[in-house]
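Q: Have a look at this prediction, sequence included:
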Amino acid sequence: MNPFPPPDPVALLTGANTGIGRIAAVELARQGWHVVLACRSQDRARPVVEEIRALRGAGAVTALALDLSDFASVLACAQAFLALDRPLHLLVNNAGLAGAKGLTKSGFELAFGVNHMGHFLLTQLLLERIQRSAAARIVTVASRAHYRAPGIDWEAVRRSTASRSGLPEYSVAKLCNVLFSAELARRLAGSGVTSYSLHPGVVATEIWRSLPWPFEPLIKLFMLSPEEGTRTTMHCATSPAVAGETGLYYDQCRPKWPSRLAQDPVLAGELWRRSEQWLQSAT
């Protein structure tokens with residue numbers, strides 16, 4: 001049973017042109033959703049658009065440009081979606097990167113800026129529409145890598161990536177995903193909007209495309225397929241079983257305790273406060 005209101009509930013997915021995002025988008029379309037693909041490259045989104053159109057027709061899919069490293073692009077994407085005058089029953093914060101080094105266009109460490117700050121801004125911009133569309137869900141794809149994060153260095157997330165592999169910074173960004181999702185649930189309590197974070201499994205997708213040699217080929221030897229990695233995302237996005245749950249972290253389609261730091265409401269509140277402050281100074 002689809003727990004969302006008919007006809008054609010609406011889902012927006014970031015990074016929906018490849019990997020987990022692509023598979024989830026096609027499956028949602030197959031289940032009767034109107035799917036909005038928010039992707040960096042419209043050219044690379046085109047095959048997914050065509051696949052969904054072949055399944056459901058031209059009216060089942062919309063593609064929007066989104067570069068999460070650039071606040072101006074995030075704002076333009078949100079404005080383009082709001083101009084469609086559609087409800088939004090499901091936001092899947094799926095896109096991400098690991099192993100890349102540098103700064104985002106908006107001045108944040110690359111993994112933190114894309115994986116957390118870009119999604120934080122997008123969620124804020126769409127939140128009123130999501131709340132008006134309740135029952136609705138916000139699903140944030142995190143990672144078990146968050147267990148390795150020793151904390152959040154508030155100065156380091158404003159500097160270029162320091163490590164060779166970029167993986168320590170990725171762990172911090174994924175800790176921020178879990179904290180953000182839990183804090184979002186607290187702030188939306190009783191609104192009809194529920195929030196979920198998850199570990200999809202260690203999945204062989206393009207998120208690892210920026211890892212330097214030899215990390216990228218070695219790490220992919222031990223990974224799940226994108227199809228396997230989509231299961232927990234779809235569980236959080238559509239399962240009636242989680243409709244009454246919010247703020248939890250999921251692994252293999254079941255709630256799991258996140259790290260001690262990820263359970264800290266004070267740290268989550270501080271992350272939220274600083275993220276809002278940074279957005280106000282940058283946009």
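A: Cool, the structure landed.
Q: all contacts plus neighbour counts: C-alpha atoms, from now on.
A: Fine.
Q: For residue 60, which residues are in contact?
A: The contact partners of residue 60, taken as C-alpha atoms under 8 Å, 6 or more residues apart in numbering, are 29, 33, 34, 35, 52, 53.
Q: Widest-spaced pair of the residues you listed?
A: Spatially, the most separated pair among those is 33 and 53, at 12.2 Å (C-alpha to C-alpha).
Q: Just want to know which of the two has more residues nearby.
A: residue 33 (25 against 17; other C-alpha atoms under 10 Å).
Q: And that one, how far from residue 52?
A: Using C-alpha to C-alpha, to the nearest Å, residue 33 is found at 10 Å from residue 52.
Q: How about residue 194?
A: Using C-alpha to C-alpha, residue 194 is found at 27 Å from residue 52.
Q: who has more neighbours, the two?
A: Legend: neighbour count by other C-alpha under 10 Å for residue 194 and residue 52, higher for residue 194 (30 against 24).
Q: Would you agree that one is in contact with residue 188?
A: Yes. Between residue 194 and residue 188 there is a contact under C-alpha atoms under 8 Å: 7.3 Å.
Q: which stretches of this structure form helices?
A: Counting by DSSP state H, the chain has these helices, from start to end: 19-30, 42-56, 71-83, 110-112, 119-132, 167-187, 215-219, 226-229, 231-238, 265-282.
Q: Need the winner for burial among the ones you listed.
A: helix 110-112 (a mean of 30; mean count of other C-alpha atoms under 10 Å).
Q: And for residue 61, the neighbour number?
A: Residue 61: 24 neighbours (other C-alpha under 10 Å).
Q: partner residues bridging it?
A: Beta-bridge pairing of residue 61 under DSSP bridges involves residue 35.
Q: Please report phi then psi for residue 264.
A: Main-chain torsions, residue 264, degrees, to the nearest 10: phi -90, psi 110.
Q: could you measure it against residue 189, distance?
A: 17 Å.
Q: if we can go back for a sec, possible to save the contacts of residue 60 as CSV with pLDDT and distance to residue 133?
A: As requested, the contacts of residue 60 are exported to CSV (pLDDT from 0 to 100; distance: C-alpha to C-alpha, whole Å):
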residue, pLDDT, distance to residue 133
29, 96, 19
33, 96, 14
34, 96, 14
35, 97, 15
52, 96, 23
53, 95, 25
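Q: Tabulate these (TSV), appending distance to residue 113.
A: As requested, the contacts of residue 60 are arranged in TSV below (distance: C-alpha to C-alpha, whole Å):
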residue	distance to residue 113
29	29
33	29
34	28
35	25
52	30
53	33
